[in-house]
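Visitor: sequence unknown, structure follows:
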(Lines give C-alpha, C1' and ligand atoms only; values in the text may rest on other atoms or scores of the structure.)
Protein backbone atom coordinates (compact mmCIF):
# COMPACT_ATOMS: atom_id res chain seq x y z
CA UNK A 1 0.00 0.00 0.00
CA UNK A 2 1.24 3.47 -0.91
CA UNK A 3 1.89 5.79 2.05
CA UNK A 4 -0.66 8.58 1.83
CA UNK A 5 1.71 11.15 3.35
CA UNK A 6 4.37 10.76 0.61
CA UNK A 7 4.48 13.69 -1.80
CA UNK A 8 5.11 13.11 -5.50
CA UNK A 9 8.44 14.51 -6.71
CA UNK A 10 8.24 16.21 -10.10
CA UNK A 11 10.41 18.37 -12.33
CA UNK A 12 8.71 21.37 -13.93
CA UNK A 13 9.17 21.53 -17.72
CA UNK A 14 7.44 24.90 -18.10
CA UNK A 15 7.33 28.02 -15.94
CA UNK A 16 5.94 27.07 -12.53
CA UNK A 17 3.38 29.89 -12.67
CA UNK A 18 1.79 28.11 -15.66
CA UNK A 19 1.62 24.84 -13.73
CA UNK A 20 0.15 26.55 -10.68
CA UNK A 21 -2.47 28.34 -12.78
CA UNK A 22 -3.37 25.08 -14.50
CA UNK A 23 -3.79 23.37 -11.13
CA UNK A 24 -6.39 26.00 -10.13
CA UNK A 25 -8.55 24.64 -12.97
CA UNK A 26 -8.24 20.93 -12.10
CA UNK A 27 -10.23 19.30 -9.34
CA UNK A 28 -13.86 18.88 -8.37
CA UNK A 29 -16.24 21.02 -10.44
CA UNK A 30 -19.70 22.12 -9.38
CA UNK A 31 -21.18 23.12 -12.74
CA UNK A 32 -24.46 24.39 -11.26
CA UNK A 33 -22.77 26.83 -8.89
CA UNK A 34 -19.84 27.43 -11.28
CA UNK A 35 -17.17 26.53 -8.71
CA UNK A 36 -13.97 24.54 -9.02
CA UNK A 37 -12.35 23.07 -5.94
CA UNK A 38 -8.60 22.76 -6.53
CA UNK A 39 -7.29 19.29 -5.65
CA UNK A 40 -3.51 19.63 -5.91
CA UNK A 41 -0.72 22.13 -5.35
CA UNK A 42 2.83 22.40 -6.64
CA UNK A 43 5.20 23.09 -3.77
CA UNK A 44 8.93 23.71 -3.70
CA UNK A 45 11.25 22.75 -0.90
CA UNK A 46 15.04 23.10 -1.15
CA UNK A 47 14.98 23.35 -4.98
CA UNK A 48 12.86 20.19 -5.24
CA UNK A 49 9.28 20.31 -6.52
CA UNK A 50 6.41 18.15 -5.35
CA UNK A 51 2.84 17.66 -6.44
CA UNK A 52 0.60 17.19 -3.42
CA UNK A 53 -3.08 16.69 -2.78
CA UNK A 54 -4.29 19.52 -0.55
CA UNK A 55 -5.07 17.07 2.27
CA UNK A 56 -1.43 15.97 2.31
CA UNK A 57 -0.44 19.58 2.99
CA UNK A 58 -2.54 19.82 6.15
CA UNK A 59 -0.06 17.42 7.79
CA UNK A 60 2.78 19.88 7.03
CA UNK A 61 0.90 22.95 8.24
CA UNK A 62 0.19 24.70 11.52
CA UNK A 63 -3.19 25.86 12.72
CA UNK A 64 -3.84 29.45 13.80
CA UNK A 65 -3.14 28.48 17.41
CA UNK A 66 0.25 26.98 16.48
CA UNK A 67 -0.66 23.33 16.80
CA UNK A 68 0.44 20.88 14.08
CA UNK A 69 -2.03 20.23 11.33
CA UNK A 70 -3.74 16.95 10.62
CA UNK A 71 -4.74 15.15 7.48
CA UNK A 72 -7.24 12.48 6.59
CA UNK A 73 -5.76 11.54 3.23
CA UNK A 74 -7.44 8.60 1.54
CA UNK A 75 -6.23 6.40 -1.27
CA UNK A 76 -8.90 8.05 -3.42
CA UNK A 77 -7.16 11.39 -2.80
CA UNK A 78 -3.82 9.86 -3.84
CA UNK A 79 -5.42 8.34 -6.94
CA UNK A 80 -6.83 11.78 -7.85
CA UNK A 81 -3.39 13.36 -7.37
CA UNK A 82 -1.87 10.64 -9.55
CA UNK A 83 -4.40 11.27 -12.31
CA UNK A 84 -3.63 14.99 -12.20
CA UNK A 85 0.11 14.24 -12.35
CA UNK A 86 -0.51 11.98 -15.35
CA UNK A 87 -2.37 14.80 -17.14
CA UNK A 88 0.35 17.36 -16.41
CA UNK A 89 3.01 14.94 -17.68
CA UNK A 90 0.93 14.14 -20.78
CA UNK A 91 0.67 17.88 -21.46
CA UNK A 92 4.51 18.14 -21.13
CA UNK A 93 4.27 20.45 -18.12
CA UNK A 94 6.09 18.19 -15.64
CA UNK A 95 8.32 15.15 -15.54
CA UNK A 96 7.45 12.63 -12.84
CA UNK A 97 10.70 11.56 -11.17
CA UNK A 98 9.43 8.06 -10.30
CA UNK A 99 6.60 7.32 -12.77
CA UNK A 100 5.79 4.05 -11.01
CA UNK A 101 4.52 6.11 -8.07
CA UNK A 102 1.47 7.33 -10.01
CA UNK A 103 -0.08 3.91 -10.57
CA UNK A 104 -3.00 3.77 -10.58
CA UNK A 105 -3.91 7.00 -12.34
CA UNK A 106 -7.37 6.30 -13.70
CA UNK A 107 -9.50 8.45 -11.41
CA UNK A 108 -11.67 10.90 -13.31
CA UNK A 109 -10.78 14.53 -12.69
CA UNK A 110 -12.51 17.61 -13.97
CA UNK A 111 -10.64 20.27 -15.92
CA UNK A 112 -12.05 23.69 -16.65
CA UNK A 113 -10.64 25.06 -19.90
CA UNK A 114 -8.55 28.21 -19.80
CA UNK A 115 -11.14 30.05 -21.89
CA UNK A 116 -13.95 29.12 -19.44
CA UNK A 117 -11.94 29.71 -16.25
CA UNK A 118 -13.32 33.22 -15.73
CA UNK A 119 -16.83 31.82 -15.37
CA UNK A 120 -15.87 29.74 -12.31
CA UNK A 121 -15.08 30.65 -8.73
CA UNK A 122 -11.76 28.96 -7.91
CA UNK A 123 -11.76 27.59 -4.39
CA UNK A 124 -8.67 26.42 -2.54
CA UNK A 125 -9.25 24.32 0.54
CA UNK A 126 -5.66 24.85 1.69
CA UNK A 127 -3.75 28.10 2.18
CA UNK A 128 -0.23 27.40 0.89
CA UNK A 129 1.08 30.12 3.26
CA UNK A 130 0.33 27.80 6.21
CA UNK A 131 3.09 25.35 5.34
CA UNK A 132 5.52 24.59 8.12
CA UNK A 133 8.94 23.68 6.71
CA UNK A 134 10.63 23.29 10.11
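Guide: Yep, that arrived. These figures come from a predicted structure and were not determined experimentally.
Visitor: by contact count, what packs against the longest helix belonging to the chain?
Guide: Criterion DSSP state H: the longest helix present in the chain is helix 75-90. Contacts defined by 3 or more CB pairs under 8 Å, 6 or more residues apart in numbering; DSSP states H and E place helix 75-90 against strand 8-12, helix 16-23, strand 40-45, strand 48-53, helix 54-60, strand 94-96. In short, each C-beta sits where N, CA and C put it, glycine included.
Visitor: now for these, which one comes closest to residue 120?
Guide: helix 16-23 (13.1 Å; CB to CB).
Visitor: what comes up buried for that closest one?
Guide: For helix 16-23, a neighbour-count test (16 or more other CB atoms under 10 Å) marks 19, 22, 23 as buried.
Visitor: before we move on, back to that, could you export the helices and strands packed on helix 75-90 as CSV, including mean pLDDT and distance to residue 104?
Guide: Shown next, in CSV, are these (pLDDT from 0 to 100; distance: least, CB to CB, whole Å):
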stretch, mean pLDDT, distance to residue 104
strand 8-12, 97, 13
helix 16-23, 96, 20
strand 40-45, 91, 16
strand 48-53, 93, 15
helix 54-60, 73, 17
strand 94-96, 98, 14
